[in-house]
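> Below are the sequence and a predicted model; questions follow.
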Amino acid sequence: MFDFLDKHKRAAQVVLGIIGLTFVFFGTYSYFQRSAGVPEVASVGGDKITQNEFDELLRSQQDRMRESLGANYDPAMFDNPEIRYALVEQLVNQRLLENQARADKLRVTDAQLQQFIAGLPPFQDDGKFSPERYKLVLAGQQMSPEMFEQKLRRDLTLAPLQEPIGAANLVATSAAKRYLELLREKREVAAANIDAAPFAKDVRVDDTAIKDFYDKNKAALATPEQAKIEYIILSPDTLAAKVSVTPEEVKAQYDQNIAQYGQPEERSAAHILVAVKPDASDADKAAAKKKADELAAKARAHPADFAALAKANSDDPGSAQAGGDLGSFTHDAMVKPFADAVFAAKTGDIVGPVLTDFGYHVIKVGAVKAAQAKPFDEVKGEIEAALKKTKAQSLFANTADKFQNLVYEQADSLAGVGKALGVDVTTTPSYVTRAQVQAIANNNAKFVAALFSPESVQSKHNTDAIEIGPSMMMAGRIVDYKPSAVKPLDELKDQIRAEIVRREATALAVKAGAAKLAELMSGKSDRGAGVTFGKPTEVMRTQASAEYPAPTLQKIFAVDPKKLPGYVGAENGRGGYTIVRVSKVIEPEKLDDAQVKMAGQQMGQEIGRELLMAYLAGLKARADVKINPTALEKKVEQQP
């Protein structure tokens with residue numbers, strides 16, 4: 001088991017850049033908090049998956065999508081039943097793997113976990129594990145060591161079940177090449193648009209049609225409910241004003257962690273590489289070692305000729321022509337055996353041969369630039385800000401429970417809560433809709449549902465303190481409320497008439513476009529069918545656009561290349577109909593081996609995912625899996 005962990009340390013280092021050693025599907029600390037008596041959304045072999053677990057997964061996925069999409073994020077995407085059930089399936093899959101790991105007696109001991117963490121560079125100072133840095137890095141990611149270690153232990157325990165399956169796939173070079181050719185193939189197309197606007201004059205709308213539309217669409221025509229609200233947001237940022245850091249604390253932090261505030265030692269070097277393939281035979285390895293020994297002897301005998309030796313003999317194309325010069329670098333910029341050799345030597349030393357995954361290196365060590373700490377005055381602002389952030393985070397953790405209690409105990413107002421905690425109470429200057437409240441609440445639909453619940457509207461009491469993001473809680477109350485209402489028909493007549501005209505004109509444009517498409521496909525010329533195409537352009541199946549969206553591209557690339565020109569048609573986003581003429585197939589340029597190899601790797605990853613899902617399906621088929629749709633749907637309506 002430990003060999004497996006050691007092999008995957010590099011991958012863990014990369015992921016630690018965002019502090020998220022995650023399970024293939026997801027990973028959240030609270031999955032371990034399976035309290036009894038909490039409603040279940042599913043069970044696996046009698047092991048419950050609670051509503052709390054589902055809520056936490058839903059929240060974490062929302063946070064990821066919010067961060068990824070920014071202003072384009074729409075919380076309504078999680079109202080889709082298929083997405084909600086997909087999240088439950090993820091929880092089920094994780095539980096299946098956990099059960100299998102227990103059956104296979106897979107485990108990570110405390111000693112293994114400690115050694116693994118100690119070997120991760122983000123937690124090290126001068127190449128050694130630093131408990132202070134460990135806590136500081138995790139605090140910056142709003143995680144405690146206990147949370148991180150529990151999550152890491154689980155992820156590493158499950159990894160041996162997933163990775164061998166996901167990586168166990170081979171893709172033939174011919175298949176990868178054909179796949180890449182299809183992706184890069186282009187087609188020359190031209191578009192003719194049949195717009196809806198000219199058909200509007202043919203649409204007749206009488207009062208009966210308007211009244212019928214009004215009666216059938218009252219919900220859509222209603223003005224949304226609105227409210228004036230007051231609210232408090234509790235977070236490290238809103239508590240920052242209560243946090244102070246003394247000059248003595250800042251100086252102590254600098255003195256205790258001076259290695260963090262500066263530039264590490266750098267060294268320059270040149271090398272001669274005698275390449276050795278990983279799968280080389282023992283004879284080839286011995287021959288490479290002999291050649292490297294001979295080159296090292298020549299270099300030591302004539303150090304001034306090192307550059308010429310590198311140009312003539314190095315297998316590193318990136319540095320050979322520069323005399324093997326690698327420039328200046330820090331210890332962690334090079335593979336460990338190479339870096340260890342360089343940083344243990346003196347300027348001018350000839351080192352090696354040193355064996356790495358690339359082969360044997362003969363190294364000439366150059367200039368040494370000693371590590372330098374930045375002056376205190378240069379970094380004291382940075383240190384002060386970091387200490388304030390840590391203190392504010394700690395204050396938030398200590399204040400959260402008090403906040404929850406106060407908004408409940410002082411239910412009729414938030415003023416006392418704000419005064420007790422030293423946090424501002426904000427009142428909206430005008431009436432706001434649900435959508436506007438959701439924007440205020442960090443796109444959290446759970447807070448909106450609580451604020452506009454019938455009880456809250458009627459009593460005007462405070463909502464519970466609701467988590468709207470990592471280390472961010474919010475409570476609010478309605479000050480005044482306007483229910484949803486439908487305007488009288490007379491006020492909406494013009495709006496309804498315009499909408500009916502738009503819909504009918506669109507239908508007429510689509511009908512006319514489809515008829516012209518049929519004529520073109522039957523052999524009529526463009527002029528004969530009364531169609532004028534625009535300027536030809538080239539499209540690829542992977543490059544959707546407003547003019548050629550993905551469904552249209554699918555139709556374009558489904559046209560038989562032996563029967564050109566070909567025609568396809570589709571309703572467009574402007575309310576009309578677009579006919580596309582496909583006139584030419586443009587084959588991709590010749591592919592090089594590196595491109596084909598990368599395509600094969602990508603295909604292999606996809607196949608690996610499919611194999612993993614098949615493995616999970618097999619586990620599921622042997623387990624007693626039950627999903628409780630009633631509990632899930634009922635709860636989801638109240639969740640973010």
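Looks like it arrived, so ask away.
> Secondary structure element holding E188?
strand 186-194 (DSSP states H and E).
> Check which helices and strands that strand sits against.
Judged by 3 or more Cβ pairs under 8 Å, 6 or more residues apart in numbering; DSSP states H and E, strand 186-194 is in contact with helix 489-521, strand 537-540, helix 550-558, strand 577-586. (C-beta placed from N, C-alpha, C; glycine too.)
> Minimum distance to Q150: which of the ones you listed has it?
Closest approach to Q150 among the helices and strands packed on strand 186-194 (Cβ to Cβ): helix 550-558, 41.6 Å.
> and the angle for that closest one with strand 577-586?
Here the directions of helix 550-558 and strand 577-586 differ by 40 degrees (axes from the mean of the first three to the mean of the last three Cα atoms, to 10 degrees).
> Return the distance of the helix or strand just after helix 550-558 from the chain's centre.
Downstream of helix 550-558, the first helix or strand assigned by DSSP H and E is strand 566-571. Here the centre of mass of C-alpha atoms in strand 566-571, compared against the chain's by Cα atoms, centre = their mean, to the nearest Å, lies 35 Å away.
> Would you format the helices and strands packed on strand 186-194 as a markdown table with mean neighbour count and distance to I210 included?
Formatted as a markdown table, the helices and strands packed on strand 186-194 follow (neighbours: other Cβ atoms under 10 Å; distance: least, Cβ to Cβ, whole Å):
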| stretch | mean neighbour count | distance to I210 |
| --- | --- | --- |
| helix 489-521 | 16 | 5 |
| strand 537-540 | 16 | 42 |
| helix 550-558 | 16 | 33 |
| strand 577-586 | 19 | 26 |
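> who wins for proximity to D464 among the ones you listed?
Nearest to D464 among the helices and strands packed on strand 186-194 is helix 489-521; the distance by Cβ to Cβ comes to 38.5 Å.
> quick one, helices of the stretch 351-500 of the chain?
In the stretch 351-500 of the chain, the segments counted as helices under DSSP state H, counting those that start in this stretch are 376-409, 415-421, 434-440, 445-451, 454-459, 489-521.
> which one of the ones you listed lies closest to N99?
Among the helices of the stretch 351-500 of the chain, helix 445-451 comes nearest to N99, with 30.7 Å by Cβ to Cβ.
> Only C-alpha atoms, please: export that closest one in PDB.
Only the C-alpha atoms of helix 445-451 are listed here, as PDB (Å, rounded to 0.1, in the frame of the first residue of the first chain):
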ATOM      1  CA  ALA A 445     -31.200  29.500  -3.100                       C
ATOM      2  CA  LYS A 446     -31.600  28.000   0.400                       C
ATOM      3  CA  PHE A 447     -31.500  31.500   1.900                       C
ATOM      4  CA  VAL A 448     -34.100  32.700  -0.600                       C
ATOM      5  CA  ALA A 449     -36.400  29.800   0.100                       C
ATOM      6  CA  ALA A 450     -36.200  30.500   3.900                       C
ATOM      7  CA  LEU A 451     -36.700  34.200   3.500                       C
END
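> That one - contacts with which helices or strands?
When contacts are defined as 3+ Cβ pairs under 8 Å, 6+ apart, helix 445-451 sits against helix 434-440, strand 466-469, strand 472-482.
> weakest of the ones you listed by average pLDDT?
The stretch with the lowest mean pLDDT among those is strand 466-469, at a mean of 87.
> Mind listing what's buried along that strand?
Neighbour counts over strand 466-469 (16 or more other Cβ atoms under 10 Å) mark 466-469 as buried.
> Report the distance from it to the chain centre.
Put simply, strand 466-469 sits 20 Å off its chain's centre (Cα atoms, centre = their mean).
> same check, this time on stretch 453-461
Chain-centre distance of stretch 453-461: 37 Å, with Cα atoms, centre = their mean.
> circling back to that earlier point, may I see the helices and strands packed on strand 186-194 organised as JSON lines, with distance to A339 and mean pLDDT added?
What follows is the helices and strands packed on strand 186-194, written out as JSON lines (distance: least, Cβ to Cβ, whole Å; pLDDT from 0 to 100):
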{"stretch": "helix 489-521", "distance to A339": "65", "mean pLDDT": "93"}
{"stretch": "strand 537-540", "distance to A339": "43", "mean pLDDT": "94"}
{"stretch": "helix 550-558", "distance to A339": "47", "mean pLDDT": "92"}
{"stretch": "strand 577-586", "distance to A339": "48", "mean pLDDT": "94"}
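> nearest to L58, of these?
Nearest of the helices and strands packed on strand 186-194 to L58, taken as Cβ to Cβ: helix 550-558 at 27.4 Å.
> Show me what the closest one is packed against.
Using 3+ Cβ pairs under 8 Å, 6+ apart, helix 550-558 sits against strand 186-194, strand 566-571, strand 577-586.
> now it and strand 566-571, what's the angle there?
Between helix 550-558 and strand 566-571, the angle comes out at 170 degrees (the same axes, to 10 degrees).
> all strands for the stretch 251-400 of the chain, in order.
Here the stretch 251-400 of the chain has its strands, by DSSP state E, counting those that start in this stretch, at 262-263, 266-275, 325-330, 350-356, 359-369, 372-373.
> For A441, find the nearest of these.
Minimum separation from A441 across the strands of the stretch 251-400 of the chain (Cβ to Cβ) falls at strand 262-263, 42.1 Å.
> if I look at the residue found closest to K516 once you drop the neighbours it is linked to in the chain, how far off is E181?
Once flanking residues are discounted, K516 sits nearest to A529: 5.0 Å by Cβ to Cβ, 6 or more residues apart in numbering. Per Cβ to Cβ, to the nearest Å, A529 is found 33 Å from E181.
> Please say which of the two ends up with more neighbours.
A529 (20 against 14; other Cβ atoms under 10 Å).
> Would you confirm that A118 contacts F129?
Yes: the criterion here is Cβ atoms under 8 Å, and A118 meets it with F129 at 3.9 Å.
> Which one, of the helices and strands packed on strand 186-194, ends up nearest to K289?
Across those, closest to K289 is strand 537-540 (Cβ to Cβ), at 48.8 Å.
> Give me the residues contacting that closest one.
Identification of contacts with strand 537-540 by Cβ atoms under 8 Å, 6 or more residues apart in numbering yields 183-190, 545, 548, 553, 556, 586.
> ok, of the residues you listed, which come out buried?
Neighbour-count burial (16+ other Cβ under 10 Å) applied to the contacts of strand 537-540 gives 184, 186-190, 548, 553, 556.
> Any stretches of the protein with poor pLDDT?
Counting by pLDDT under 70, the chain has low-confidence residues at 1-39, 71, 75-76, 79, 140, 142, 166-170, 259, 262, 630-640.
> Excluding residues flanking it in the chain, which one is nearest M77?
Excluding the flanking residues, the one nearest M77 by Cβ to Cβ, 6+ apart is I83, at 6.8 Å.
> Does that neighbour touch E89 like I think?
No: under the contact definition of Cβ under 8 Å, I83 does not touch E89, with a separation of 10.5 Å.
> Of the two, which one has the most company?
E89 (16 against 13).
> name the helices or strands packed onto the helix or strand hosting that one?
Assigned by DSSP H and E, E89 falls within helix 81-103. If contacts are counted by 3+ Cβ pairs under 8 Å, 6+ apart, helix 81-103 sits against strand 40-44, strand 47-50, helix 51-69, helix 145-167, helix 593-622, strand 625-627, helix 629-636.
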